[in-house]
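*Asks:* what follows is a predicted protein model with its sequence.
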Amino acid sequence: MSKLWLSFLTILVSLNVYCQTKITGTVKSSLDESPMYDAKVSLRGSNGESVQSDRIGYFQFIKIPDGNYVLEVVKEGFESYEQEITVKGEKLIELNDLFLTYAPEFMERGIVTLTVDELGSDESSSQPSVGLLQSSKDVFARSAAYELGAFWFRTRGYDNKYRDVYFNGIRMNKIDDDRVDFGNWGGLNDITRYPAEVTYGIESSDYAFGDLGGVTYVDTRPSVLRTGTSLSYSLTNRAYRQRAMLTHNTGLNAKGWGFTVSGSRRWANEGRIDGTFYDAWAYYLGVEKRFNNNHSLLLSAFGAPNRRGSNSPNTQEVYDLMGSTNYNAYWGYQEGKKRNERVRKTFEPVFSLTHYWNMSDKARLTTTLGYQTGENSRSRLNYIRGVDNPSPAYYRYMPSNEKTLGEEIVAAREWRNNENKHQINWYNLYKKNILGDGRANYFLVSDVNKDNVFTFNTNYRNHVSDAFNIYANLSYQRTISNLFRQADDLLGAEYILDKDSYADKGQSGDFNTETPDRKAYVGDKIEYNYNINHDKVDGYLAGNYKAGNLDVTLGAKVSNTRIQREGLFDNYRYDNSKGKSKEYSFLDYGVKLNATYKINGRNYLVLNGAYYTNAPTTNELFPQQRVNAISLPDLESAKILSGDLNYVLRAPRVKARATAFYSLVKDEVQTTFSYFERDIDANDGSGLFGAEVLNGVDKEYLGSELALEAQLTSTLTLNGVASIGQYIYKNNPDLYYFADLYSDKEGYGYQGKAYLKNYHLSSSPQKAVSLGLQYRSPNYWWIGATGNYLADNYVNIVASRRTEGFFNGVDYTEEVKVNARKLLTQEKFESVFMLNANAGKSFRFGKYYMGISLSVNNVLDNKKYRTGGFEQGRLANYNALNNSKKRETFGNKYWYDQGISYFLNVYFRF
């Protein structure tokens, strides 16, 4: 009987082996048909298997079960190659020669010099940001990142918060605003250049449900990264001036071990904007051990400690006075050296341990334990009541604040020509502190955020049959954030008195009543100190079904988010500033449909649709979280409905996509901090400083996209993209003020409706066209140019101006109505044409490779292009806004493009 069972099992094993297929091929260059070494070849639809081509370009996959797959070949400096493969019991499938198209311009582009400091600002959330700048298989996404992205264009107008980014299963979006801090891995280009997955919009993902902007998943195993050593050096004139990178990857050796080490340095004593500097390092270490064909482990760590000086947005009056869009109000000379008051420091290293389990030939489970720690901080000058504002751009110092034309002319000349007036006078600040009674009148502080993030993530994929695949993901992330203000520099004083100098008569003014009249010193926590506890459990399940020419994926998500504030200081104004708040819980869900109809091997129709909800961020939940735990009444999760319809062409010489898209975001929260000059009611006075909070915001994104990539000849390629969009507010949300003015009430005051419907969102130029021509020589050099047209970019508006309270104390006549319509017209920036160019040459010396590339953005040196801007909140009543002097003094603040920029890179690889 035992012999019979043994024979039976042998037959089953033999049948299984017989039914498994071997796939082989050779990767070659389309230029000279030479074999390509170390190309990454992946087989999508299997258990995620990938291999590297050998010295003669050969690769093979063995034991591949029956099913439908997509073979993908990726090599730096070449366009990726894709081919559909169907396995039906063959012993061997020979793909023969696979030719990759030479495209070296995507190896190193100047746009990668964009930094986090250029992507955002402390002053306003309206400054545009750019998504992940990496190569993408989507023609439109690639051009949008490398060409239009250089000028603050966002695909479909979506904010950074609508894109999910994962490193080995760890979600990198921050809990305060759900945005990604790209500075956490800035400088690690060799590690992040080719993510395992980049989805566009609401396409389906193998790893997560995703959001409007898609999913990026970075896999940092040595076995999937390019093997060998890479050394590069770059010169640029953007935020930093120089960059050096070194990366070495062993791949997997015969014993199953693999090691990757990468490091970089980016620096500038002064960037192209006066008073800015840049000092950034980055490192990555990855150790992989493959125990057998079924089990492997990855231990990885990366971080990017950096310091950089910020630049100020300014009114047009300030730019005109200085005669330059390069003016920066955040610095001044101290003992002959430029000192910037607004310095951002970030160091938040990430550690992870990932287990890869090939449960069978069809099923795979990937599980990650992750931990991120560290802090990020932003410094600024602080001062007490009764002393002069240290900012040289303070409105009282502006010439337009003078009463007569003659006084204004004299003040303008004096402000412009006297450096002690148009830059920070550090000497004066020290002098006033030293000559005082020991208490600091001026002092430098940092707003610090210390995060500790614990992550568990497990991802399951199963190729159930030729027609059906399952994708599932379960994650838990716990974040404990400690946020506080820290004393950095007393500027010659003896101590800081930790009291509010703006406290009302009869109030103690103690920022922490448990330590009255406390004297604070360098390194002490002052003014506010609290924790935010954030827990999120997220589940994702998707099934992919193939039948004939139809490919359908149906996905769903469910998540629970719990948020709680714990105050550590007992603020004198608020009863609920100390201790644990109520725990807020949000249950969210979503469904997604992705369908592809294959008309033939070159033409496709693609439909994507999704409906889901997102929990509010911690900043949205607690608008004044520094001093209290008060939240909006009846706060709900945001609801998002999105869909797009696409026609895709994939011909040998032409790739194209035409898309119509629509997204509706409902019940979001928007917060702006400012001083608002208006009559709140009869007893509240003329203004307040606080948070302008909009609840129930609806936003609409409607538009179309067109992308074309045509290989006109073997050496000449044409690229063109166009995006026509309309991104607007869709309703009139509720407006609340959260301010100390209401500390004896509910902590906030309801201001009625904000009439924002049909105003434009300030997220991005809403129309953009890019057309480029690239020549790629058979001798491995290239040159190209791209023309870019951007239009319909708008300033970010202040909601308080669009309320009934704006007209308090005003007789609302027809004349006032007509004039108000003019005053409240949203400013639209001028359309602009930008020219980019790039060129380069690569060399091969046996097994050694060398290359040099140069990309130049804004070749025409246009310095009049406003990349973003916002209305100031101060003029929040009709009489103030109707005053032409005040409109100049408190005019909109802008950021400008700094003109022609370049990025020169030299690399050496072996």
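*Replies:* Done, it's in.
*Asks:* from now on I want contacts and neighbour counts done on CA atoms only, so please keep to that.
*Replies:* Noted.
*Asks:* and the helices in the stretch 751-900 of the chain, which stretches?
*Replies:* All helices of the stretch 751-900 of the chain, identified by DSSP state H, counting those that start in this stretch, fall at 814-823, 878-881, 884-889.
*Asks:* repeat for the chain
*Replies:* If you assign secondary structure with DSSP state H, the helices in the chain sit at 2-18, 116-119, 139-146, 189-192, 316-322, 405-417, 419-422, 426-434, 618-621, 814-823, 878-881, 884-889.
*Asks:* buried stuff in stretch 450-464?
*Replies:* 450-463 (16 or more other CA atoms under 10 Å).
*Asks:* give me the contact list for it.
*Replies:* With CA atoms under 8 Å, 6 or more residues apart in numbering as the test, stretch 450-464 has contacts from 45-47, 169-170, 206-207, 362-376, 469-483.
*Asks:* could you list which of those belong to strands?
*Replies:* Mapping those onto strands (DSSP state E) picks out 170, 363-372, 375-376, 469-483.
*Asks:* using a markdown table, lay out the buried residues of stretch 450-464 together with pLDDT.
*Replies:* Output for the buried residues of stretch 450-464, formatted as a markdown table (pLDDT from 0 to 100):
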| residue | pLDDT |
| --- | --- |
| 450 | 97 |
| 451 | 97 |
| 452 | 98 |
| 453 | 98 |
| 454 | 98 |
| 455 | 98 |
| 456 | 98 |
| 457 | 98 |
| 458 | 98 |
| 459 | 97 |
| 460 | 97 |
| 461 | 95 |
| 462 | 94 |
| 463 | 90 |
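*Asks:* and of these, the nearest to residue 422?
*Replies:* Distance from residue 422 was checked for each of those by CA to CA. The minimum falls on residue 450, at 34.5 Å.
*Asks:* low-confidence stretches in the stretch 451-600 of the chain?
*Replies:* Low-confidence segments of the stretch 451-600 of the chain, defined by pLDDT under 70: none present.
*Asks:* could you double-check that residue 398 sits in contact with residue 888?
*Replies:* No: with contacts defined as CA atoms under 8 Å, residue 398 does not count as touching residue 888, sitting 9.5 Å away.
*Asks:* contact partners for the residue nearest to residue 828 when sequence neighbours are not counted?
*Replies:* In space, residue 828 comes closest to residue 794 once its chain neighbours are excluded; the distance is 4.5 Å by CA to CA, 6 or more residues apart in numbering. When the contact criterion is CA under 8 Å, 6+ apart, the partners of residue 794 are 760, 761, 762, 764, 765, 826, 827, 828, 829, 868, 869.
*Asks:* can you flag the buried ones in the residues you listed?
*Replies:* Members of the contacts of residue 794 that pass the buried threshold by neighbour count (16+ other CA under 10 Å) are listed as 760, 761, 762, 764, 765, 826, 827, 829, 868, 869.
*Asks:* distance of the fifth one from residue 860?
*Replies:* Taking CA to CA, to the nearest Å as the criterion, residue 765 is separated from residue 860 by 19 Å.
*Asks:* kindly report the same for the third one.
*Replies:* Distance check for residue 762 against residue 860: by CA to CA, it reads 25 Å.
*Asks:* now the first one
*Replies:* With distances defined as CA to CA, the gap from residue 760 to residue 860 amounts to 29 Å.
*Asks:* hang on, the earlier thing: pick the most buried one from the helices of the stretch 751-900 of the chain.
*Replies:* Across the helices of the stretch 751-900 of the chain, averaging neighbours per residue (mean count of other CA atoms under 10 Å) puts helix 878-881 on top, at a mean of 19.
*Asks:* what is that helix packed up against?
*Replies:* Using 3 or more CA pairs under 8 Å, 6 or more residues apart in numbering; DSSP states H and E as the contact criterion, the secondary-structure elements in contact with helix 878-881 are helix 884-889.
*Asks:* list the contacts of residue 862.
*Replies:* 834, 897, 898, 899, 900.
*Asks:* mind listing what residue 277 touches?
*Replies:* Listed by CA under 8 Å, 6+ apart, the contact partners of residue 277 are 239, 240, 267, 268, 269, 270, 271, 308, 309.
*Asks:* okay, and the helix or strand of this protein with the least pLDDT?
*Replies:* Least confident element among the helices and strands of the chain, by mean pLDDT, DSSP states H and E: helix 116-119 (a mean of 36).
*Asks:* low-confidence ranges in the stretch 651-800 of the chain?
*Replies:* In the stretch 651-800 of the chain (pLDDT under 70), the answer is 678-687.
*Asks:* what ranges does the stretch 751-900 of the chain have for its strands?
*Replies:* With DSSP state E, counting those that start in this stretch applied, the stretch 751-900 of the chain shows strands at 767-776, 781-791, 832-845, 848-857, 866-870, 893-896, listed in chain order.
*Asks:* what angle separates the fourth one from strand 781-791?
*Replies:* Using axes from the mean of the first three to the mean of the last three CA atoms, to 10 degrees, the interaxial angle of strand 848-857 with respect to strand 781-791 works out to 30 degrees.
*Asks:* direction included, what does strand 848-857 pair up with?
*Replies:* Partner strands for strand 848-857, per DSSP bridges, with pairing direction: strand 832-845 (antiparallel), strand 901-909 (antiparallel).
*Asks:* quick check: angle from the first one to strand 866-870?
*Replies:* Compare the direction of strand 832-845 with that of strand 866-870 by the same axes, to 10 degrees and you get 130 degrees.
*Asks:* in strand 832-845, which residues are buried?
*Replies:* 832, 833, 834, 835, 836, 837, 838, 839, 840, 841, 842.
*Asks:* list the contacts of residue 425.
*Replies:* The contact partners of residue 425, by CA under 8 Å, 6+ apart, come to 332, 333, 334, 390.
*Asks:* kindly report the same for residue 23.
*Replies:* Residue 23 sits in contact with 60, 61, 62, 64, 92, 93, 94, 95, where contact means CA under 8 Å, 6+ apart.
*Asks:* who's the fifth one bridged to?
*Replies:* Spelled out, it's residue 92. Residue 92 forms beta bridges with residue 22, as assigned by DSSP bridges.
*Asks:* number of nearby residues for it?
*Replies:* The criterion is other CA atoms under 10 Å. On that basis, residue 92 has 15 neighbouring residues.
*Asks:* any idea how far the residue lying closest to residue 620 once chain neighbours are set aside is from residue 623?
*Replies:* By the measure of CA to CA, 6+ apart, the closest residue to residue 620 outside its immediate chain neighbours is residue 669, 6.0 Å from it. The gap separating residue 669 from residue 623 is 10 Å, by CA to CA.
*Asks:* correct me, but residue 180 touches residue 173?
*Replies:* Yes: counting by CA under 8 Å, residue 180 touches residue 173, with 4.6 Å between them.
*Asks:* what do the two both touch?
*Replies:* Shared contacts of residue 180 and residue 173, defined by CA under 8 Å, 6+ apart, comprise 161, 164, 165.
*Asks:* what about the residue lying closest to residue 769 once chain neighbours are set aside, distance to residue 253?
*Replies:* Beyond its immediate neighbours in the sequence, the residue positioned closest to residue 769 (CA to CA, 6+ apart) is residue 722, lying 4.3 Å away. In this structure, residue 722 and residue 253 are 47 Å apart, going by CA to CA.
*Asks:* likewise residue 560?
*Replies:* In terms of CA to CA, residue 560 sits 43 Å off from residue 253.
*Asks:* which one of the two is surrounded by more residues?
*Replies:* With neighbours defined as other CA under 10 Å, residue 560 and residue 253 compare such that residue 560 has more, 17 against 12.
*Asks:* what is the neighbour count of the closest residue in space to that one that isn't next to it in sequence?
*Replies:* Take residue 560 and drop its neighbours on the chain: the residue closest to it by CA to CA, 6+ apart is residue 587, 4.6 Å away. One way to gauge burial is a neighbour count; for residue 587, by other CA under 10 Å, it gives 16.
*Asks:* surely residue 587 and residue 563 touch.
*Replies:* No: contact between residue 587 and residue 563 fails when scored by CA under 8 Å: they sit 12.0 Å apart.
*Asks:* wait, what's in contact with the closest residue to residue 696 other than its chain neighbours?
*Replies:* In space, not counting the residues next to it along the chain, residue 696 is nearest to residue 667; the distance is 3.7 Å by CA to CA, 6+ apart. Listed by CA under 8 Å, 6+ apart, the contact partners of residue 667 are 636, 637, 638, 639, 695, 696, 697, 698.
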